[in-house]
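what would the 3D arrangement of this be:
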Amino acid sequence: MSGDLRAAVREASRRLADAGVGSADVDAVALAAHALGTTPAEVQRLMVLGAPEPEGLADLVEERARRVPLQHLTGRAGFRRLELSVGPGVFVPRPETEVVAGLAIRACEGFDAPVVVDLCTGSGAIALSVKDEVPAARVHAVELSGLAVAWASRNRDDLGLDVDLREGDATRAFPELEEAVDVVVSNPPYIPVGAVPLDPEVRDHDPELALYGGSDDGLAIPLAVAARAAALLRDGGVLVMEHADAQGESLPAALRATGCWTDVHDEHDLTGRPRATVAVRAPRLAP
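Reported below is the predicted structural model:
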């Protein structure tokens with residue numbers, strides 16, 4: 001690395017691009033901001049002023065070139081209006097999941113104090129965003145991984161958002177809320193077994209528990225979670241479930257086949273890829 005911040009960031013960008021990092025320019029500035037303890041915007045200003053390279057930037061760049069996730073290096077991940085703490089042991093929330101959170105937030109419209117459950121909450125990103133943007137909502141979240149629960153607890157406490165967070169199995173969670181929930185949202189593991197992710201950041205650093213859907217089509221765990229959602233939701237309640245872009249037809253079809261859901265449709269993310277299935281809990285048959 002060079003002694004000048006501008007040259008160091010440019011060199012970092014080249015190094016990251018050579019390593020296959022798709023967001024090399026953005027990541028180089030983000031790493032410089034982290035090393036300086038400031039914002040990317042301030043880094044851009046300091047580059048113009050000819051500020052010196054910060055100590056530790058070169059080491060951060062080499063770690064990122066080895067495809068350690070940017071968020072693991074900075075310890076932070078932006079998600080909608082929130083800044084979350086993340087690191088090893090928890091799935092790093094992705095921009096496409098912000099759309100899923102938005103769908104859940106939209107589903108809360110029309111309720112004075114909606115009861116919302118986030119199944120497979122991970123870092124707490126979706127649950128905390130719902131509480132942040134729908135303050136009247138009563139939000140409950142569950143996560144199987146103890147490490148992820150620790151990250152989610154930290155985020156909840158740091159942000160001061162009142163979310164009922166529990167460690168446990170999403171397929172059996174919240175028995176006291178059965179038939180009383182307005183919105184269930186979930187980003188469950190959905191990668192087909194044997195379909196190893198191409199990105200090293202995902203393959204080598206995200207926990208397997210958060211990735212693989214338990215079957216060749218990746219739908220075993222999502223459908224088990226959806227079955228729990230069907231038990232939790234009141235008649236007319238809404239399910240929002242993230243899925244892989246290749247599951248935009250298979251997941252809705254599988255949900256329709258259960259007979260538990262009406263108005264099943266799929267939503268795309270900001271890149272135009274199938275991203276989430278939205279379904280309404282069908283009325284239960286009278287005994």
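
quick one, helices of the stretch 51-200 of the chain?
For the stretch 51-200 of the chain, the helices defined by DSSP state H, counting those that start in this stretch cover 57-65, 70-74, 95-107, 125-133, 146-159, 200-205.

tell me the SS of the closest residue in space to Ser13 that isn't next to it in sequence?
Excluding the flanking residues, the one nearest Ser13 by Cβ to Cβ, 6 or more residues apart in numbering is Ala28, at 4.1 Å. C-betas here are computed from N, CA, C, even on glycine. Look at Ala28: counting by DSSP: H, G, I helix; E, B strand; the rest coil, its state is helix.

quick one: Ala28 and Val9 touch, right?
Yes. Here Ala28 reaches Val9: they are 5.0 Å apart, a contact under Cβ atoms under 8 Å.

would you format the helices of the stretch 51-200 of the chain as a markdown table with mean neighbour count, mean pLDDT and distance to Pro114 included?
Formatted as a markdown table, these follow (neighbours: other Cβ atoms under 10 Å; pLDDT from 0 to 100; distance: least, Cβ to Cβ, whole Å):
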| stretch | mean neighbour count | mean pLDDT | distance to Pro114 |
| --- | --- | --- | --- |
| helix 57-65 | 19 | 92 | 40 |
| helix 70-74 | 20 | 90 | 30 |
| helix 95-107 | 21 | 96 | 8 |
| helix 125-133 | 26 | 98 | 9 |
| helix 146-159 | 18 | 96 | 18 |
| helix 200-205 | 16 | 70 | 32 |
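
I'd say Ser123 and Ala152 touch.
Yes. Using Cβ under 8 Å, Ser123 is in contact with Ala152, at 5.6 Å.

anything in contact with each of these two?
Any residue near both Ser123 and Ala152 by Cβ atoms under 8 Å, 6 or more residues apart in numbering counts here, and that gives Val90.

I'd like to know which of the helices of the stretch 51-200 of the chain is closest to Ala33.
Nearest of these to Ala33, taken as Cβ to Cβ: helix 70-74 at 8.2 Å.

identify each buried residue in stretch 273-287, please.
By neighbour count on 16 or more other Cβ atoms under 10 Å, the buried set for stretch 273-287 is Pro274, Arg275, Ala276, Thr277, Val278, Ala279, Val280, Arg281, Ala282.

stretch 14-24 too?
So, applying 16+ other Cβ under 10 Å, buried residues of stretch 14-24: Arg15, Leu16, Ala17, Val21, Ala24.

also stretch 175-188?
Here stretch 175-188 shows Leu177, Val181, Asp182, Val183, Val184, Val185, Ser186, Asn187, Pro188 as buried, counting by 16+ other Cβ under 10 Å.

in terms of pLDDT, where does the nearest residue to the fifth one once chain neighbours are set aside sit?
What that stands for is Val184. Using Cβ to Cβ, 6+ apart and skipping residues adjacent in sequence, the residue nearest Val184 is Ala229, 4.0 Å away. Listed pLDDT for Ala229 reads 98.

what about Ala229, neighbour count?
Per other Cβ atoms under 10 Å, the neighbour tally for Ala229 reads 28.

before we move on, what about Leu211?
That count, for Leu211 with other Cβ under 10 Å as the rule, works out to 18.

what residue ranges in this protein are flagged as low confidence?
Of all residues in the chain, those with pLDDT under 70 make up the ranges 1-2, 196-198, 204-206, 208, 286-287.

can you tell me which residue is nearest the centre of it?
Nearest to the mean C-alpha position of the chain, by Cα atoms, centre = their mean, lies Pro93 at 3.1 Å.
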